[in-house]
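**Student:** Provide a 3D model corresponding to the input given below.
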Amino acid sequence: MEKYTVEQYIKLLNDEGILLNSSECEQIMDRVVNLVSYNSKEVEENTLFIVKGVTFKAEYLNEAILNGVFVYVSENKFEGVQIPCILVSDIRKALSCMAAMYFNYPGEVLNVIGVGGTKGKSTTTYYIKSILDEYSKSVNKKDTAVISSIDTYDGVENFESHITTPESYDIHRHFFNALNSGMENLVMEVSSQSLKLDRVADVFLDIGIFMNISEDHISPIEHPDFDDYYNSKLKMFKNTKNAIVNMDADLAENTLSVAKRDSARVFTFSMKTKDTDFYAYDIRKDGFNTIFKVHTPTYDEEFMLTMPGLFNIENALAAIATAYIMDIPVNIIQHGLKIAKSSGRMEVFHTKDMKIIILVDYAHNKLSFEKLFSSVKEEYPDRRIVAIFGCPGKKALLRRKDLGTIAGQNSDFVYLVAEDPGAEPVSDISNDIAQYVKQYTQNYALIEERGEAILDCILKAEKEEKPTIVLLTGKGRETRQKYGTEYLPCISDVEYTQMYLKEYDERHK
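**Tutor:** All right, here's what the predicted structure looks like:
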């Protein structure tokens, strides 16, 4: 990996228009930077340190100096720090462009696909990955890297994620790892926060997908209003070569106009109108499977999804459009979608007698709840519906009203549980949601521990005459729960489900 001098990094910051002062660096201009870092715990000899975060203290920097930091970049000069400072006007933009340069711009070599939207990002991401993995196998190439809200895999690192889109430095590290692992493709979720906070300012997308938009992430620590949220989402197109837009989404015409203005090429898809590049029709169910045809600019073919949920056709259309742009053969696309699975997304479990079906999904906002409940009512019209969910602490506050209202209107029973409460008491969150649930039903319970709620749900459903479908949402296969500032180990929803359904089957042999 090529290393750069202090002078080269200063020139980069100046070219970006964010350099304020670098006069203290006159004596070290030729010094080669061995490491760029923003983590004071992870430094080494000849490190250029980037000071990020309003709570950062001079003592952290002095500690890092002892371990090899010789120059730092900051929006403010720290008193009592005896090394040169490079002052910038925007530390987030500085971190983004310097990280890209430090890792030798790996994103310019990788084929990077970004998926944005309020709902469907992770499922679409894994549909695309499944197709690309199948294609890679067919031509003896490496599989596809992924950065998602579920997990991150780059050929070197493979771990469960706890954020949709990581910090800019970490994104370029994953790009670098993927490229050096021999990978050619990387697909990633692009969140509104990553766009607003310039985490992806230096990420250039070969393909950028806009799935949909619905009011979400409105809070004092996220987006102050819907306009800020939506306009943050639209920023993705500025760094996109080939844009793909869902014409069934709210504000689709406006989104399309921005995509046409900012991206080199634009493609559209729909389940409702034929006046698009990719159009789904002749949709039918076959057990848990969904079969449909797709009209494209050059062919009409039939596809099958084994993941339940009619709304997943929308996600599949985006994946088909992506594969089409990349010249993936139709048979590979068909097989990739047929075998596609997204961990914790629309996973179906049931008792042997089919009396209880539990659908585990990450649905966590208004749009995903609306589509989930409408799809379930259409696909399972003769079943009781039980919802088990919660909301995160201190953010996306409007979700509590939205999810409580939707669940109250459409469920026979609702369990309100812990879902990454952070620093907020679970009881406060649950009571906040409950005020909206009880406007439509009194059949609800507040049980903090998710496993306890799942067990109670199964035991009650066991006694009902009518069969039940349980919508267990929010955590999927996650094995960590955020309390305070820590992510504590927990049993996943899937593991609880499998354990308690097995106990049910043992009782009914």
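**Student:** dump the residue contacts of Gln435.
**Tutor:** Taking C-beta atoms under 8 Å, 6 or more residues apart in numbering, we find Gln435 in contact with Gly404. Every C-beta, even on glycine, is put in place using the N, C-alpha and C of the backbone.
**Student:** quick check: Asn76 is in a helix.
**Tutor:** No. Going by DSSP: H, G, I helix; E, B strand; the rest coil, the assignment for Asn76 is coil, not a helix.
**Student:** next, it: phi, psi?
**Tutor:** phi -140, psi 140 (degrees, to the nearest 10).
**Student:** kindly report the same for Val88.
**Tutor:** Taking degrees, to the nearest 10 as the convention, Val88 sits at phi -130, psi 160.
**Student:** and the helices in the stretch 201-350 of the chain?
**Tutor:** For the stretch 201-350 of the chain, the helices defined by DSSP state H, counting those that start in this stretch cover 226-234, 252-262, 312-325, 330-339.
**Student:** who touches the first one?
**Tutor:** Okay, so that is helix 226-234. 116-117, 192-193, 195-196, 210, 213, 215-218, 222-223, 251, 255, 258.
**Student:** what angle sits between it and helix 252-262?
**Tutor:** 50 degrees (axes from the mean of the first three to the mean of the last three C-alpha atoms, to 10 degrees).
**Student:** how does the chain divide into domains?
**Tutor:** 4-102, 106-339, 347-507 (automatic domain parsing).
**Student:** so how far does the second one reach from one end to the other?
**Tutor:** Just to be clear, that refers to domain 106-339. End-to-end distance of domain 106-339: 30 Å, with C-alpha to C-alpha, to the nearest Å as the criterion.
**Student:** show the average pLDDT along it.
**Tutor:** The average of the pLDDT scores along domain 106-339 is 95.
**Student:** residues contacting Val73?
**Tutor:** Counting by C-beta under 8 Å, 6+ apart, Val73 makes contact with 9, 13, 48-51, 85-86, 88, 91, 94, 98.
**Student:** quick one: strands adjacent to the longest strand along the chain?
**Tutor:** Ranked by residue count, the top strand of the chain under DSSP state E comes out as strand 278-286. Sheet pairing of strand 278-286 (DSSP bridges) gives strand 265-270 (parallel), strand 289-295 (antiparallel).
**Student:** which of those strands sits most buried?
**Tutor:** strand 265-270 (a mean of 21; mean count of other C-beta atoms under 10 Å).
**Student:** what's the angle between that strand and helix 312-325?
**Tutor:** Using the same axes, to 10 degrees, strand 265-270 lies at 150 degrees relative to helix 312-325.
**Student:** hmm, who's touching strand 265-270?
**Tutor:** So strand 265-270 is contacted by 241-248, 256, 259-260, 276-280, 314, 317-318, 320-321, 324-325 (C-beta under 8 Å, 6+ apart).
**Student:** circling back: which residues touch the longest strand of the chain?
**Tutor:** 267-271, 273-274, 290-296, 302, 304, 310, 313, 316-317, 320-321, 324, 379.
**Student:** okay if I get the helices of the stretch 201-350 of the chain as a markdown table plus mean neighbour count?
**Tutor:** Shown next, in a markdown table, are these (neighbours: other C-beta atoms under 10 Å):
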| stretch | mean neighbour count |
| --- | --- |
| helix 226-234 | 18 |
| helix 252-262 | 16 |
| helix 312-325 | 26 |
| helix 330-339 | 19 |
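**Student:** make a markdown table from these and add distance to Lys3 to it.
**Tutor:** Formatted as a markdown table, those follow (distance: least, C-beta to C-beta, whole Å):
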| stretch | distance to Lys3 |
| --- | --- |
| helix 226-234 | 34 |
| helix 252-262 | 34 |
| helix 312-325 | 35 |
| helix 330-339 | 40 |
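**Student:** Glu424: which of the ones you listed is closest?
**Tutor:** Nearest to Glu424 among the helices of the stretch 201-350 of the chain is helix 226-234 (21.3 Å), distances taken as C-beta to C-beta.
**Student:** quick revisit: closest to Phe159 out of the strands paired with strand 278-286?
**Tutor:** Phe159 lies closest, by C-beta to C-beta, to one member of the strands paired with strand 278-286: strand 289-295, at 31.2 Å.
**Student:** relative to helix 330-339, how tilted is that closest one?
**Tutor:** Going by the same axes, to 10 degrees, strand 289-295 makes 150 degrees with helix 330-339.
**Student:** list the contacts of strand 289-295.
**Tutor:** The contact list for strand 289-295 (C-beta under 8 Å, 6+ apart) reads 274, 278-285, 300-306, 308-310, 312-313, 316-317, 320.
**Student:** ok, Leu337 to Ala387 distance?
**Tutor:** Noted for Leu337: a distance of 28 Å to Ala387, by C-beta to C-beta, to the nearest Å.
**Student:** please, where are all the strands along the stretch 401-509 of the chain?
**Tutor:** Along the stretch 401-509 of the chain, counting by DSSP state E, counting those that start in this stretch, strands occupy 413-416, 444-446, 468-473, 480-483, 486-489.
**Student:** wait, I meant the stretch 1-150 of the chain
**Tutor:** 4-5, 19-21, 32-33, 35-37, 47-50, 69-74, 85-88, 111-116, 145-147.
**Student:** how about the longest strand of the chain: buried residues?
**Tutor:** For strand 278-286, a neighbour-count test (16 or more other C-beta atoms under 10 Å) marks 278-280 as buried.
**Student:** out of those, who's nearest Leu359?
**Tutor:** Ala280 (22.0 Å).
**Student:** ok, back up a step: using TSV, lay out the strands of the stretch 1-150 of the chain together with distance to Lys352.
**Tutor:** Below are the strands of the stretch 1-150 of the chain laid out as TSV (distance: least, C-beta to C-beta, whole Å):
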stretch	distance to Lys352
strand 4-5	62
strand 19-21	67
strand 32-33	62
strand 35-37	54
strand 47-50	56
strand 69-74	61
strand 85-88	62
strand 111-116	37
strand 145-147	34
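**Student:** picking that back up, out of the helices of the stretch 201-350 of the chain, nearest to Lys395?
**Tutor:** Closest among the helices of the stretch 201-350 of the chain, once you apply C-beta to C-beta, is helix 226-234, at 12.4 Å.
**Student:** just want the angle from the closest one to strand 111-116.
**Tutor:** Computed by the same axes, to 10 degrees, the angle between helix 226-234 and strand 111-116 is 160 degrees.
**Student:** could I have helix 226-234 exported to PDB, CA atoms only?
**Tutor:** Taking Å, rounded to 0.1, in the frame of the first residue of the first chain, the C-alpha atoms of helix 226-234 are listed here in PDB:
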ATOM      1  CA  PHE A 226     -38.900  14.900   7.000                       C
ATOM      2  CA  ASP A 227     -37.400  17.300   4.500                       C
ATOM      3  CA  ASP A 228     -34.000  16.900   6.100                       C
ATOM      4  CA  TYR A 229     -34.400  13.100   6.100                       C
ATOM      5  CA  TYR A 230     -35.600  12.900   2.400                       C
ATOM      6  CA  ASN A 231     -33.000  15.400   1.100                       C
ATOM      7  CA  SER A 232     -30.200  13.500   2.900                       C
ATOM      8  CA  LYS A 233     -31.400  10.300   1.100                       C
ATOM      9  CA  LEU A 234     -31.300  12.100  -2.300                       C
END
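**Student:** list the contacts for Leu13?
**Tutor:** For Leu13, the contact set (C-beta under 8 Å, 6+ apart) comprises 19, 22, 73, 86, 88, 94, 97-98.
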